[in-house]
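Novice: just the structure for this:
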Amino acid sequence: MTLRDRLHDTKARDWLFRFLIVGVLAADAAMLAFWPAGTTGSSSSSNTPAPTSTSTAATTGAETRTTPATSGGVPACSDVEIPARPVEAVTCRTASATLTIVDQAEPLLLGDTHVRILAAFLVDSRLTVRARVRNETPAEQGIQAGGQELYVNLGGLRVDAAPTGDLRVAPHTGETVSLRFALTPGALRILRRAAGEAELGVRPWSEGSGATNVGVVRFRVRTGAEETPAVDEPESAAG
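Specialist: Residues are numbered from 1 along each chain as shown. Modelled structure (predicted):
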């Protein structure tokens with residue numbers, strides 16, 4: 001090969017090399033023009049998961065505690081501060097029921113079943129609770145029939161009332177009843193440790209024995225006092 005041929009071949013390779021360099025630079029410029037703003041490296045913003053939201057969050061300093069959403073707008077009883085003597089009804093839910101909690105001074109309005117405690121006495125081992133029970137169903141109801149239950153709760157210990165016979169309440173009428181509970185020595189100890197504080201559980205007539213709405217009336221037992229004669233009180237919204 002002559003010197004002229006060698007020079008011509010060298011110039012051809014030099015032009016080819018320059019062409020390739022220009023092509024690479026042009027490709028890089030095109031990629032930079034379409035690269036998403038604010039992105040570095042090879043990661044894309046589409047790979048970052050969107051943040052999830054919760055119903056309620058309470059933040060203290062750098063620590064965040066998430067509270068689960070309530071069911072049907074009714075908070076869990078464990079999330080509610082319930083006063084020993086509620087000045088108004090408190091509604092909350094447990095795993096098996098929705099509770100409506102009132103103080104003895106207030107009537108319990110549980111759907112079509114209204115209950116108001118008038119007095120509670122303990123003589124020896126017999127607890128007597130006098131209450132006004134009103135029936136707002138369209139039919140006559142028995143005090144201890146139709147799925148409605150009236151029972152005493154002593155710190156988690158359930159005590160059922162002695163049979164009241166065929167005591168019935170007419171529609172849209174209230175009756176004053178005396179419920180008697182025979183307490184065991186263990187139940188007496190619980191009541192005394194609680195300084196006479198107890199609860200009356202109420203299940204409404206309309207829901208039957210499988211009621212998921214339960215009323216709770218918090219009351220105080222007068223120990224060593226004689227039962228006073230029954231006195232019917234004027235009819236009211238609570239009976």
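Novice: residue ranges with poor pLDDT in this protein?
Specialist: 1-72, 146-148, 208-209, 224-239 (pLDDT under 70).
Novice: which helix or which strand is home to residue 186?
Specialist: helix 185-193 (DSSP states H and E).
Novice: buried residues in that helix?
Specialist: 187, 188, 190, 191 (16 or more other C-beta atoms under 10 Å). Heads up, the C-betas are built off the backbone N, CA and C, glycines and all.
Novice: the helices in the chain, which residues?
Specialist: 3-34, 185-193 (DSSP state H).
Novice: residue 195 - how many residues pack around it?
Specialist: Look at residue 195: counted by other C-beta atoms under 10 Å, it has 9 neighbours.
Novice: show the contacting residues for it.
Specialist: residue 220 (C-beta atoms under 8 Å, 6 or more residues apart in numbering).
Novice: how about it, phi and psi?
Specialist: Here is the backbone geometry of residue 195 (degrees, to the nearest 10): phi 60, psi 40.
Novice: for residue 90, see how far away it is.
Specialist: Here residue 195 is placed at a distance of 21 Å from residue 90 (C-beta to C-beta, to the nearest Å).
Novice: again with residue 192
Specialist: 26 Å.
Novice: go on, residue 138?
Specialist: Residue 138 is 29 Å from residue 90, by C-beta to C-beta.
Novice: what's the answer for residue 141, then?
Specialist: Applying C-beta to C-beta to residue 141 and residue 90 gives a distance of 26 Å.
Novice: of the two, who's got more company?
Specialist: residue 141 (24 against 18).
Novice: quick one: contacts for that one?
Specialist: Contacts of residue 141 by C-beta under 8 Å, 6+ apart are 135, 148, 168, 169, 205.
Novice: would you turn the residues you listed into TSV with neighbour count?
Specialist: Converted to TSV, the contacts of residue 141 look like this (neighbours: other C-beta atoms under 10 Å):
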residue	neighbour count
135	25
148	26
168	15
169	22
205	22
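Novice: nearest to residue 216 among these?
Specialist: Among the contacts of residue 141, residue 148 lies closest to residue 216 (C-beta to C-beta), at 14.5 Å.
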